[in-house]
Structure formats: C-alpha cells, structure tokens
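1. Need coordinates for the below:
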Amino acid sequence: MLEAIGETIRSARKARGWSQQQLADLCHLDRTTIGALERNAYNDIGIRKVDRVLMVLGKVLTTQDAGLPTLDELKVQYGGG
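-> Sure, this is the predicted structure:
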C-alpha cells in the first residue's frame, strides 16, 4: 500500500537518527520532498525520487500481484466472451 511508504521512510530515517534535512542531503533532494513523502503527499513526486530515498535507507520498492481478474476472466464472468 502506498500509505506504508511514508511510514517506512519516517521510521527508517528515525531509526538511523537522521533529520529530514540529513536524509534529503544524502538523496540530493529538498527537505520538503522528504516531508511530503513521509506525509504520503505524493502530488508531483516521481517514482525515481521515492526509489532513491528508499535505497539510501536500505529499502527497496517492490510490487506484488493484487489478485485482480484478467480481461478474459471478466469476459467469461460477465458473458462477454
């Protein structure tokens, strides 16, 4: 879940004893960007910036199958195929 990213960033940063500014400096980002990430305010923050912050914190961004049906399965279920 996207909401978990902000908490992951905040807790990993605090566990290292870093301020938002220190993390921002290590990531070559603005402190306001780190604050926005921690608040889950992603408006115009690209995935590369999120990935960079997570990498500096020793974390990785992963994906998983959400278990949604395929288009073919939906067609069969709703009689369209």
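2. How far does stretch 9-29 stretch from one end to the other?
-> 14 Å (Cα to Cα, to the nearest Å).
3. buried residues in that stretch?
-> Of the residues in stretch 9-29, those with enough neighbours to count as buried (16 or more other Cβ atoms under 10 Å) are 9-10, 12-13, 18, 20, 23-24, 26-27, 29. Using the backbone N, CA and C atoms, a C-beta is placed for each residue, glycine as well.
4. For it, give me every contacting residue.
-> Residues outside stretch 9-29 that contact it (Cβ atoms under 8 Å, 6 or more residues apart in numbering) are 30-31, 33-35, 37-38, 49, 52-54, 56-59.
5. Try it again at 6 Å.
-> Stretch 9-29 has contacts (Cβ atoms under 6 Å, 6 or more residues apart in numbering) with 30-31, 34-35, 37-38, 52-53, 56-57.
6. Including pLDDT, could those go into a markdown table?
-> A markdown table is the format used below for the contacts of stretch 9-29 (pLDDT from 0 to 100):
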| residue | pLDDT |
| --- | --- |
| 30 | 95 |
| 31 | 97 |
| 34 | 96 |
| 35 | 96 |
| 37 | 94 |
| 38 | 95 |
| 52 | 95 |
| 53 | 97 |
| 56 | 97 |
| 57 | 97 |
